[in-house]
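Engineer: need a structure here:
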Amino acid sequence: MRRGRTALGVLALAAVAVVALIGLASAFGIGEGDSPAVSPESAAKRYAYDPASREAFEARAIAGLSHVVYANSPEGALATAQRVARFRDEIEIATAGTETDPDLLEAIVFLESAGRPEVIAGRDPELASGLVQIVASTGTALLGMRVDLERSRRLTVEARRALRRGETGRVERLLAERARVDERFDPRKALDGAVRYLALARERFGAEDLAVESYHMGIGNLENVIHAYTGSSGPVGDVVAEDELTYAELFFDSSPSTHPEAWDLLAGFGDESSEYYWKVLASREIMRLYREDRVELRRLERLHAAKATAEEMFHPRADTEVFDDPGELASEWRDGDLAPLPGGYELGYVVGDQLGEAAPKLDADRALYRALRPEALEVLTLMAAWVRELNGGDGSLIVTSAVRDREYQRALGRRNLEATDAYSLHTTGWSFDILRDYRSEEQAAAFQFALDRLQALAVIDYAVEPSAIHVTVSGEAGSPIE
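Structural biologist: Numbering: from 1, shown residues only. All right, here's what the predicted structure looks like:
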């Protein structure tokens, strides 16, 4: 981990930035008070979990974490939905007479295997395998499934060899034989196994959302999180019932500063387990659109595929104002549609000397590019304040890029391989970059928490670039969660 700038360097840089901004603001008739007055404390409280708004928090989490579901769907979300839909009859049969919602089981199939009953999470079928990705030990010890692992392994190797030789008929026979000796590869028996697992988990937790979350996290792991969150060591079902605990509360009310022990467990799994329930709900919505509105599903698929993040979902090109040149940026300053970045150590962020670096090539003032949409500036302020608070007041984030115009973007692209020549959200004022150069590992961890929490709330999405974190603020940033 590299160390960041010294405190003296940070303060000097902030002073230069403020002086430049005051001069520019005066030239455009903008007073210092025109920067949005953001209280970091009140902004942070805006996103505190409220049980009365559970549905709104869940909707935000679905929106905020949908991009990875779209992006990771083999051949796209529409193609994946088509594969998954082939198993709807088997899903209905498996869930008939049970408490399992067939739409949720279908969503688990979407997320786990993308509708491919032959897949393995690696090379060895001991790992998660089949339509609903059951681990061999779970299949035998917990679900009572037939899993002859040695024969399953041998048949898997033979099938791979036959596939390389182009012997498709032999591949089919070998896979059929594997499904007989390893029921995880038999779609109907795999679905029955998933239903049994969800029934066991539902009995243990007394809640469907927690049962679904445990499908990936594991029943024991989720129990540990619940006990850490509540401080109780009693039977987990009693704890959940007594506290009326939901996964939304468990997830959104845990953080490094509130219920830190629970958050340490959630963050420590390292396999995105904590986000699993939200991705299941996102998958369920994709399947709903597949049945009810494929035109909309295709539109969403295109928007999610446009960038490495959900930024074009937040601000589609056809519906978003783009700044063409420095003159247009100046006009937006005068109209108040852009707010200057004040910068300063006390805010938790400073303006880096990289910001506006291509302005001289356009005969433009560098300070012109030290601005954002007011909503984006508010999120930056919130994020920086959160990081500062979690990090014990140590260090500042360094903003290296904010608003641009298309002329600036083209000039930057000629010297920076990370700058796209296509539609950039920087040219809308909704994006900013933070230098990946932190004062300490603690600051880096605090920043990662803030990024992930705001992403899960559909406030931002972000991409990790070689030298910076590229953040795009959504249009929902200023909307209350209610």
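Engineer: Might you report the residue contacts of the spatially most central residue of the chain?
Structural biologist: Nearest residue to the geometric centre of the chain (C-alpha atoms, centre = their mean): L65, 4.2 Å. With contact taken as C-beta atoms under 8 Å, 6 or more residues apart in numbering, L65 is in contact with 275, 278-279, 282, 455-456. Every residue, glycine included, has its C-beta placed from N, CA and C.
Engineer: let's see it at 7 Å
Structural biologist: Neighbour list for L65: 275, 278-279, 282, 456 [criterion: C-beta atoms under 7 Å, 6 or more residues apart in numbering].
Engineer: Can you pull the domain assignment for this structure?
Structural biologist: Annotated domains of the chain cover 7-47+308-473, 51-278 [automatic domain parsing].
Engineer: Any stretches of this structure with poor pLDDT?
Structural biologist: Within the chain, the segments meeting pLDDT under 70 span 1-44, 413-421.
Engineer: what residues does stretch 251-269 touch?
Structural biologist: Taking C-beta under 7 Å, 6+ apart as the rule, stretch 251-269 contacts 49, 57, 217, 224-225, 228-229, 250, 274, 390, 446, 449, 453.
Engineer: Give the burial count for the residue lying closest to R294 once chain neighbours are set aside, as a bare number.
Structural biologist: Using C-beta to C-beta, 6 or more residues apart in numbering and skipping the chain neighbours, the partner closest in space to R294 is L78 (7.1 Å). Neighbour count of L78, defined by other C-beta atoms under 10 Å: 17.
Engineer: Run through the residues that contact L78.
Structural biologist: Residues in contact with L78 (C-beta under 7 Å, 6+ apart) are 297-298, 301.
Engineer: And it, how far from E296?
Structural biologist: 11 Å (C-beta to C-beta, to the nearest Å).
Engineer: Correct me if wrong, but D461 is in a helix.
Structural biologist: No: applying DSSP: H, G, I helix; E, B strand; the rest coil, one finds D461 to be strand, outside a helix.
Engineer: quick one: it and L454 touch, right?
Structural biologist: No: if you go by C-beta atoms under 7 Å, D461 and L454 don't touch, sitting 9.0 Å apart.
Engineer: Give the buried residues for the helix or strand harbouring the residue nearest to R294.
Structural biologist: Using DSSP states H and E, L78 maps to helix 77-85. Buried residues in helix 77-85, counted by 16 or more other C-beta atoms under 10 Å: 77-78, 80-81, 83-85.
Engineer: cool, and stretch 331-349?
Structural biologist: 332-333, 338-345, 347-349.
Engineer: So which of those sit within helices?
Structural biologist: 332-333 (DSSP state H).
Engineer: the strands in this structure, which residues?
Structural biologist: Along the chain, counting by DSSP state E, strands occupy 339-340, 349-351, 371-372, 397-401, 431-435, 460-464, 468-473.
Engineer: In TSV, list the ones you listed along with distance to L131.
Structural biologist: Shown next, in TSV, are the strands of the chain (distance: least, C-beta to C-beta, whole Å):
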stretch	distance to L131
strand 339-340	51
strand 349-351	47
strand 371-372	46
strand 397-401	44
strand 431-435	39
strand 460-464	30
strand 468-473	35
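Engineer: For S73, which of these is the nearest?
Structural biologist: Closest approach to S73 among the strands of the chain is made by strand 460-464 (17.1 Å; C-beta to C-beta).
Engineer: Pull out the buried positions in the closest one.
Structural biologist: Those would be 460-463, for strand 460-464 by 16+ other C-beta under 10 Å.
Engineer: Closest one to L412 out of those, please.
Structural biologist: When the buried residues of strand 460-464 are ranked by distance to L412 (C-beta to C-beta), A463 comes first, at 16.6 Å.
Engineer: So what pairs up with that closest one in the strands?
Structural biologist: Beta-bridge pairing for A463 (DSSP bridges): H470.
Engineer: measure N221 to L265 for me?
Structural biologist: Taken as C-beta to C-beta, the span from N221 to L265 is 7 Å.
Engineer: These two: who's more crowded?
Structural biologist: Taking neighbours as other C-beta under 10 Å, N221 and L265 compare with L265 leading, 22 against 17.
Engineer: which residue packs closest to that one, ignoring adjacent ones?
Structural biologist: Nearest to L265 is V225, by C-beta to C-beta, 6+ apart, at 4.8 Å.
Engineer: Farthest-apart pair in the buried residues of helix 77-85, please.
Structural biologist: Every pair of the buried residues of helix 77-85 checked by C-beta to C-beta; the farthest is A77 and A85, at 12.2 Å.
Engineer: In contact with the residue lying closest to L250 once chain neighbours are set aside, which residues?
Structural biologist: Once flanking residues are discounted, L250 sits nearest to Y229: 5.7 Å by C-beta to C-beta, 6+ apart. If a contact means C-beta under 7 Å, 6+ apart, then Y229 has 250, 254, 259, 262 as its contacts.
Engineer: Which single one of those is nearest to R161?
Structural biologist: Nearest to R161 among the contacts of Y229, counting by C-beta to C-beta, is L250 at 46.2 Å.
Engineer: burial of that closest one, as a residue count?
Structural biologist: 27.
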